[in-house]
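Participant: Sequence and computational prediction follow.
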Amino acid sequence: MGKLLFVNLSDGNIEVRDLDENDAKNFVGGAGLGAKILYDEMPANADVFGPDSMIGFVTGPLVGTGAFFGGRYTVVSKSPVTKGWNDANSGGFFAPDLKKSGFDAVFVKGISEKPVYIWIDNGNVEIRDASHLWGKTTLETEEALREEIGDPKINAALIGPAGENLSFISTVMNDGHRAAARGGPGSVMGSKKLKALVVRGNQKTEVFDKAKLLELNKSVANWLKEGPGEGMAKGLGTFGTGGMFVSSALSGDAGVKNWKGAGVVDFPEEEAKKVTSSEFDAKYNVGKYACAVCPVGCGAIYKSESEKYPLPHTTRTEYETVGAFGSMLLISDIEAIFMFNHICNEYGLDTMSTGSTIAWAMECYEEGVITKEEFDGIAVEWGSADAVIALLHKIGRAEGCGKWLKGGTQAAADFLGRGHEFLVVASGIEEPQHDSRWAPGRARMYKYDPTPGRHVKGGIGMGQGMQPAEVKHDYQYTGTRDAILLSIEEIANSSGTCSMSGGGMPPGTGVDQISAITGFNYSPADAYLLGLRIFHMRNAFNLREGFRRKDFTLSKRLTEGTEYGPLKGVSVDVELLADNLFNAIGLTADMLPERMMLKLMGGMDKIENDLLPPPPPPPMPAGSEKQE
């Protein structure tokens, strides 16, 4: 669309700017463009909940063009957990609807005196009162907005009560059940008294080479129908991401009992099957759900007629949610897990962090570190669905023990001064449901990505799980492979592409899609440097905040072997993996960029000037000394 919107909620100023072509070419969109804009516009060390703090809603070039898999947007901000860079992306239909309203991205700073929402209608922007919406759940808010505006087709990125209460594990929700979840972006919206970003429009995104884009879509379709992507398309399209949960639980991939247990013992196969969608899907599935322009469609609409947990309309739980609320808590009642997921969506809570927070609470309760009285009389025992539901409402409303649990595990342990030995976090962020002892490359990703604790960032860990132990635990020469895969995923995330597209498209298709849409031509070398530039930009934000290597942490439970089960005795040398990557992508041992790497990538002059000392002057030619 070529337009960026900037809104200041403190003074009501609304500004439309042109998207700089060099920024678009060098940083693409999503987290890449978001990091560049926030680095330029947001002062260093701004209070995450202060008026100078910014939050951005950023699409990518694929969004709104019809490019397969190109339907995502990224929420960018500082994280209240890490106090550093944060990006979280979401699918559904909000991203293309934002584009149709006239903008590639919206950036918000300042703090409103009262709750408001931003209304964008075909390029026209208003800041509207949202006092009557404050306190409503996400679905209640969506319904109220549609009735107020008089259009059932509007779309919104919004927060629930968790974000309003500044929960560090709160999300930005859209389309009822899609979430930009990780790192607490919902609380940043809440701190600004911003209830929602509401959009409507019918503007079209121009495509540089429509014929080429159609040709690429056909190649993707063939890849999924009768090519190497056929198996992925059938598996994900039929059962979603939770279809293979049983194998994850038994192999050591999924977390069990706050990561201290093992699937084969604490959560055996008969229990894991109960929460694996391939085992129960037919009973609850009443309709397919696919995000915008997705040729696979891994979602589904469910109906549960459970006597205890009735849900006439909900969505199929994702793999991460099943792990966080299933094996992590030793709960195999899938209808209860449906309800946990639904409650989280209504309050606007990140299911990964929330489930992990309750797992931590259960271990603390079992070990006598936190008492029943401190949990407001709730017996927080392993396997208790009633305890989980009670805690979810406490956390969502920030009531009772929810006042300190709403910050997630790290904040809760710090508040109480207890329970630190049971934390499983990367720089304070609860872990996704993929154990780095099963796929060691993930340890580097979890600890040293500019947004710690994420499973959808790039690197060798993405595909290591099924490799033989002697292969995946051989750390020689990992740096270059890690760098290549990191670069590919950085481009995908910034272009608006779903991470599932990695196996859903022929190699190189993502960059070809960007070129067809924008007219920018990237050689293979250009594309590699493009992905690295995005990573370096996100890392530079953290460096300017004062972060160095010593400030990034990872709990030992994900690098040291268990006492039993499939990961018994397995350990990960995360520092060697990190050293190998840093050497490959031009970072010093302390994560500062090397000058030659910045020069090679280009477009990083400001980073060089801000973060590196001036280069020494060139030596004077022989014989040019001053003569007396």
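Facilitator: Here it is on my side, so go on.
Participant: Can you pull up the most central residue in this structure?
Facilitator: residue 88 (3.4 Å; C-alpha atoms, centre = their mean).
Participant: Do I have it right that that one meets residue 74?
Facilitator: Yes: at 7.0 Å, residue 88 counts as touching residue 74 under the criterion of C-beta atoms under 8 Å. (Each C-beta comes from the backbone N, C-alpha and C, glycine too.)
Participant: Now the common contact residues for these two.
Facilitator: Jointly contacting residue 88 and residue 74 under the rule C-beta atoms under 8 Å, 6 or more residues apart in numbering are residue 180.
Participant: what ranges do the strands span in the stretch 351-500 of the chain?
Facilitator: 425-426, 429-430 (DSSP state E, counting those that start in this stretch).
Participant: what does the average pLDDT come to for the last one?
Facilitator: Along strand 429-430, the predicted confidence averages to a pLDDT of 98.
Participant: which residues are contacting it?
Facilitator: Residues contacting strand 429-430 (C-beta under 8 Å, 6+ apart): 79, 81-82, 169, 182-183, 352-353, 356-357, 408-409, 424, 452-454.
Participant: Which member of these is positioned nearest residue 556?
Facilitator: Using C-beta to C-beta, residue 424 comes nearest to residue 556 of these, at 9.0 Å.
Participant: what pLDDT does the closest one get?
Facilitator: 97.
Participant: What spatial separation is found between it and residue 446?
Facilitator: 10 Å (C-beta to C-beta, to the nearest Å).
Participant: what do you get for residue 304?
Facilitator: Taken as C-beta to C-beta, the span from residue 304 to residue 446 is 33 Å.
Participant: cool, residue 129 as well?
Facilitator: Counting by C-beta to C-beta, the gap from residue 129 to residue 446 is 42 Å.
Participant: Touching the worst-scoring helix or strand of the chain on mean pLDDT from outside, list them.
Facilitator: One helix or strand of the chain scores below all others by mean pLDDT, DSSP states H and E: helix 501-504, with a mean of 86. Applying C-beta under 8 Å, 6+ apart, the external contacts of helix 501-504 come out as 68-69, 220, 223-224, 228-229, 232-233, 295-296, 462, 488-489, 492, 498, 509-510.
Participant: The residues you listed in strands, which ones?
Facilitator: Using DSSP state E, no member of those falls in strands.
Participant: Buried only: go through the residues you listed for me.
Facilitator: Using 16 or more other C-beta atoms under 10 Å as the burial test, these include 68-69, 220, 223-224, 229, 232-233, 295-296, 462, 488-489, 492, 498, 509-510 as buried.
Participant: before we move on, the earlier item: more neighbours, residue 129 and residue 446?
Facilitator: Neighbours around residue 129 and residue 446, counted as other C-beta atoms under 10 Å, are more numerous at residue 446. The numbers are 29 against 13.
Participant: contacting residues around that one?
Facilitator: Residue 446 makes contact with 426, 431, 432, 436, 452, 453, 454, 455, 554, 558 under the criterion C-beta under 8 Å, 6+ apart.
Participant: Skipping its backbone neighbours, what lies nearest it in space?
Facilitator: Of all residues not flanking residue 446 in the chain, residue 426 sits nearest, at 4.3 Å (C-beta to C-beta, 6 or more residues apart in numbering).
Participant: The one you found against residue 553, yeah?
Facilitator: Yes: taking C-beta under 8 Å as the definition, residue 426 is a contact partner of residue 553 at 7.0 Å.
Participant: These two - which one has more neighbours?
Facilitator: residue 426 (27 against 15).
Participant: Contacts only, for the residue nearest to residue 446.
Facilitator: Counting by C-beta under 8 Å, 6+ apart, residue 426 has contacts 446, 447, 452, 453, 552, 553, 554, 555.
Participant: do residue 558 as well
Facilitator: 259, 424, 431, 435, 436, 437, 443, 446, 572.
Participant: these two touch, right, the fifth one and residue 572?
Facilitator: To tie it back to what came earlier, the one meant is residue 436. Yes: shown here, residue 436 and residue 572 form a contact pair, counting by C-beta under 8 Å, at 5.7 Å.
Participant: what touches both of the two?
Facilitator: With C-beta under 8 Å, 6+ apart as the test, residue 436 and residue 572 both reach 443, 558, 559.
Participant: just the contacts of residue 558 now: which is nearest residue 589?
Facilitator: Closest approach to residue 589 among the contacts of residue 558 (C-beta to C-beta): residue 443, at 17.3 Å.
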